[in-house]
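Undergrad: Got a predicted structure here, sequence first:
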There are 2 protein chains.
Amino acid sequence: MNEIKLFSPATVANVSCGFDVLGFCLEAVGDEMIIRKTINKGIKITKIEGYDLPFDVTKNVAGVSAMALYEAANPECGFEIEIYKNIKPGSGVGSSSASAAGSVYGMNVLLGNPYSALELTAFAMKGEAIASQSEHADNIAPALFGGFTLVKSLEPLEILQLPTPDDLFAVVIHPQIEVKTADARKILPENISLKNAITQWSNVGSLIHGLHTNDYELISRSLTDVVVEPFRSQLIPGFERIKETALKNGALGTGISGSGPSVFSLCKSRLTAIKVESAIRQAYTTQNIAFEVYVSKINMEGIRKLN
Amino acid sequence: MNEIKLFSPATVANVSCGFDVLGFCLEAVGDEMIIRKTINKGIKITKIEGYDLPFDVTKNVAGVSAMALYEAANPECGFEIEIYKNIKPGSGVGSSSASAAGSVYGMNVLLGNPYSALELTAFAMKGEAIASQSEHADNIAPALFGGFTLVKSLEPLEILQLPTPDDLFAVVIHPQIEVKTADARKILPENISLKNAITQWSNVGSLIHGLHTNDYELISRSLTDVVVEPFRSQLIPGFERIKETALKNGALGTGISGSGPSVFSLCKSRLTAIKVESAIRQAYTTQNIAFEVYVSKINMEGIRKLN
């Protein structure tokens, strides 16, 4: 195989209580990429559609991650990358991670899968770093592993695949404003109260127990964030209205997706998700900000081959 | 039935990463109590053996919790309580919780079990409060529910029963010095770094995932505490030596039990636990502090009837 076309999905990081460590993978939105082996050595980005992003491999997240893998593998060939971007950069659903993970996933397949998903995560983090000024895996891990993931630690890098209840659906609203990850990090305090930290780790524990036991009510009670949301929600116009609307219409929980401005809700059943989507659409129309809202099942596979 | 004799076990709270929320129940050490229905109304503590504790029901944790249940149930009878104390107060393995939970457990059985384990936890917390100056459930929950427990929240009170891998054993060393819970709380900072908090909730999540998946290696990697141990370990002479010895001899993890001075290790298999116990015994002898050390399986049942 000399060419692979793939779907690289959007992802939701943090998941309310699990700042910096939890994430899950979406199905409804994602980039498409084509990775092609070339006789000439090196990495080239030959096409970018959808959004205006740099072709320079040292400045493009997909290029930087590709170079990290390329230097490690040192293959006899080179690679061309085409990026058909559907995930808007800065939307809070892992746009840079989709690109960074997609390029290394595709190259790995074309090289005969020498690297594990964990190793691909490490390469992709190099790309992610140029978007967020620090290495993170909370979007990359769900993109590469699928389902719900927990970043157990960065050094050494360890990713846990968590179970996903069958009937879980996400609703994501993306208000068309940009919140930069770096800015969203600056707004956070360096220290938090021990009391709030205890609440947060109790909820992380409970959420993971709820995922293991298919306890939707417990998942619902665990989807709270007393640490980050009070700060970052200020950057998202109408956040409280979205949250109230979603919860009133049966969502299990609602929180900021990554660093925002996208806001996710988790719902039990597609029917509830559709109801929540429709209610959010109606409620947010009065906000006078352009937005998109969609329902997605949880993507259990992560990045996948299309051809 | 007019009388019940019961075993009320020692418990380990916090379990390294889960400060204030995680706990597990021991088998090897516990108090015995006899609860007896009386024609005369009211609660009386008629016997205390083992340690010098107040007979005044308003000053004894078993009395205070008993009164909380008694006032709620308002039965036609009264109760006598005999306490045969084996768990030294202030040892860090839930001595007050064993008493507070034991009295209400016994009364509940004699009244025909009108209350759930969760309701008993709430009563017992009233007793626990006079020992630690605030209401906690992290020792009471494992005493009443058995196994590993997570205190999801205090208001409303919610306790989760976590799975316990079959081959898990605890080694507990109790240096014979007293660390008061209230003092051990004072030493803690009000605020912690967000960075450490993230490490902690990642470990709580990983530990619970490890308990669900019988992944002893993951349990081992999750048993770290970057928040509380750096402060409280200073109150325990030889803590680092205990920890190093245990880990070197195969323990999965070692941490402070509750507010100390007891130190617990978790081990895979009884054989490893015995090896760890013996190594700790040898290492701690040079410390010139009297101590006890014992191996315990995880008590899956919690408090139980003896007659």
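TA: Nice, I can see it.
Undergrad: rest of the way, CA atoms for contacts and neighbours
TA: Noted.
Undergrad: what's the burial count for A:S65?
TA: Residues lying near A:S65 (other C-alpha atoms under 10 Å in any protein chain shown) number 30.
Undergrad: hang on, it in a helix?
TA: Yes - under DSSP: H, G, I helix; E, B strand; the rest coil, A:S65 sits within a helix.
Undergrad: how close does it get to B:P142?
TA: Separation of A:S65 from B:P142 (C-alpha to C-alpha, to the nearest Å): 47 Å.
Undergrad: At the contact with chain B, which residues of chain A appear?
TA: A:18-21, A:150-153, A:160, A:162, A:189-195, A:197-206, A:208-209, A:212 (C-alpha under 8 Å from any C-alpha of the partner chain).
Undergrad: So A:Q161 lies in a strand, does it not?
TA: Yes - counting by three-state DSSP, A:Q161 is found in a strand.
Undergrad: how close does it get to A:L252?
TA: Taken as C-alpha to C-alpha, the span from A:Q161 to A:L252 is 21 Å.
Undergrad: Looking at these two, which is more packed in?
TA: A:L252 (25 against 16).
Undergrad: can you pull out the helices in the stretch 201-307 of chain A?
TA: Ranges of helices within the stretch 201-307 of chain A are A:216-222, A:229-232, A:239-248, A:270-285, based on DSSP state H, counting those that start in this stretch.
Undergrad: a markdown table please, covering the ones you listed and showing mean pLDDT and distance to B:E82.
TA: Output for these, formatted as a markdown table (pLDDT from 0 to 100; distance: least, C-alpha to C-alpha, whole Å):
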| stretch | mean pLDDT | distance to B:E82 |
| --- | --- | --- |
| helix A:216-222 | 98 | 39 |
| helix A:229-232 | 96 | 50 |
| helix A:239-248 | 98 | 50 |
| helix A:270-285 | 98 | 55 |
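Undergrad: Kindly reformat those helices as JSON lines containing distance to B:G127.
TA: Conversion of these to JSON lines gives the following (distance: least, C-alpha to C-alpha, whole Å):
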{"stretch": "helix A:216-222", "distance to B:G127": "28"}
{"stretch": "helix A:229-232", "distance to B:G127": "35"}
{"stretch": "helix A:239-248", "distance to B:G127": "37"}
{"stretch": "helix A:270-285", "distance to B:G127": "44"}
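Undergrad: Go through these and name the closest to B:S220.
TA: Among the helices of the stretch 201-307 of chain A, helix A:216-222 comes nearest to B:S220, with 24.8 Å by C-alpha to C-alpha.
Undergrad: Could I get the phi/psi values of the residue lying closest to A:F148 once chain neighbours are set aside?
TA: Sequence neighbours aside, A:F24 is the residue nearest to A:F148 in space, at 4.3 Å (criterion: C-alpha to C-alpha, 6 or more residues apart in numbering or on different chains). Per-residue torsions, A:F24: phi -140, psi 160 (degrees, to the nearest 10).
Undergrad: and A:F24, how many residues sit next to it?
TA: 31.
Undergrad: isn't A:L247 right up against A:G255?
TA: No - using C-alpha atoms under 8 Å, A:L247 makes no contact with A:G255, being 10.7 Å away.
Undergrad: Which residue of these two possesses the greater neighbour count?
TA: Ranked by neighbour count (other C-alpha under 10 Å), A:L247 and A:G255 place A:G255 first, with 27 against 17.
Undergrad: The more buried one and A:V263 touch, don't they?
TA: Yes - A:G255 is in contact with A:V263 according to C-alpha under 8 Å; the separation is 5.7 Å.
Undergrad: how close does A:P54 get to chain B?
TA: A:P54 sits 32 Å away from chain B, taking C-alpha to the nearest C-alpha, to the nearest Å as the criterion.
Undergrad: Please apply the same query to A:A100.
TA: Using C-alpha to the nearest C-alpha, A:A100 is found at 24 Å from chain B.
Undergrad: from what I can see that residue touches A:I130, true?
TA: No - applying C-alpha under 8 Å, one finds A:A100 not in contact with A:I130, separated by 10.2 Å.
Undergrad: Go ahead and name everything in contact with stretch A:234-250.
TA: A:179, A:233, A:253-255, A:260-261, A:263, A:265, A:267, A:272, A:275-277, A:279-280, A:283-284, A:287 (C-alpha atoms under 8 Å, 6 or more residues apart in numbering or on different chains).
Undergrad: Show the contacting residues for the residue nearest to A:S193 when sequence neighbours are not counted.
TA: Counting by C-alpha to C-alpha, 6+ apart, A:S193 lies nearest to B:N191, which is 4.1 Å off, once chain neighbours are set aside. In this structure, B:N191 makes contact with A:N191, A:I192, A:S193, A:L194, judged by C-alpha under 8 Å, 6+ apart.
Undergrad: Quick check: the residue nearest to A:F148 touching A:S16?
TA: No - shown here, A:F24 and A:S16 do not form a contact pair, counting by C-alpha under 8 Å, at 11.6 Å.
Undergrad: where along the stretch 1-150 of chain A do the helices fall?
TA: A:61-73, A:95-110, A:117-132, A:140-145.
Undergrad: out of the ones you listed, deepest packed?
TA: Most buried of these, by mean neighbour count (mean count of other C-alpha atoms under 10 Å in any protein chain shown): helix A:140-145, with a mean of 33.
Undergrad: Helix or strand with the lowest mean pLDDT in chain A?
TA: In chain A, the helix or strand scored least confidently by mean pLDDT, DSSP states H and E is helix A:181-186, which has a mean of 79.
Undergrad: re earlier: pipe the helices of the stretch 1-150 of chain A into a markdown table and attach mean pLDDT per row.
TA: Converted to a markdown table, the helices of the stretch 1-150 of chain A look like this (pLDDT from 0 to 100):
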| stretch | mean pLDDT |
| --- | --- |
| helix A:61-73 | 98 |
| helix A:95-110 | 97 |
| helix A:117-132 | 93 |
| helix A:140-145 | 98 |
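Undergrad: From chain B, how far off is A:D183?
TA: 17 Å.
Undergrad: how close does that residue sit to A:F231?
TA: 12 Å.
Undergrad: cool, and A:G238?
TA: From A:G238 to A:F231 the distance is 14 Å (C-alpha to C-alpha).
Undergrad: Residue of the stretch 1-150 of chain A closest to chain B, please.
TA: Here the stretch 1-150 of chain A gets closest to chain B at one residue, A:V21, 6.4 Å apart by C-alpha to the nearest C-alpha.
Undergrad: which residues does the residue nearest to that residue when sequence neighbours are not counted contact?
TA: Distance criterion C-alpha to C-alpha, 6+ apart; nearest residue to A:V21, sequence neighbours excluded, is A:V151 at 4.7 Å. Applying C-alpha under 8 Å, 6+ apart to A:V151 gives the contacts A:D20, A:V21, A:L22, A:A137, A:D138, A:A141, A:L157, A:E158, A:I159, A:L160, B:S202.
Undergrad: how about JSON lines for those residues, with distance to A:V171 added?
TA: Below are the contacts of A:V151 laid out as JSON lines (distance: C-alpha to C-alpha, whole Å):
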{"residue": "A:D20", "distance to A:V171": "21"}
{"residue": "A:V21", "distance to A:V171": "21"}
{"residue": "A:L22", "distance to A:V171": "17"}
{"residue": "A:A137", "distance to A:V171": "22"}
{"residue": "A:D138", "distance to A:V171": "19"}
{"residue": "A:A141", "distance to A:V171": "20"}
{"residue": "A:L157", "distance to A:V171": "30"}
{"residue": "A:E158", "distance to A:V171": "28"}
{"residue": "A:I159", "distance to A:V171": "25"}
{"residue": "A:L160", "distance to A:V171": "24"}
{"residue": "B:S202", "distance to A:V171": "25"}
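Undergrad: Looking at the residues you listed, which is nearest A:I4?
TA: Checking the contacts of A:V151 against A:I4 by C-alpha to C-alpha gives A:A141 as the nearest, at 20.8 Å.
Undergrad: my guess is that closest one contacts A:T121, does it?
TA: Yes - with contact defined as C-alpha under 8 Å, A:A141 counts as touching A:T121 (6.3 Å).
Undergrad: Point out the other helices and strands that the least confident helix or strand of chain A packs with.
TA: Using 3 or more C-alpha pairs under 8 Å, 6 or more residues apart in numbering or on different chains; DSSP states H and E, the elements in contact with helix A:181-186 are helix A:117-132.
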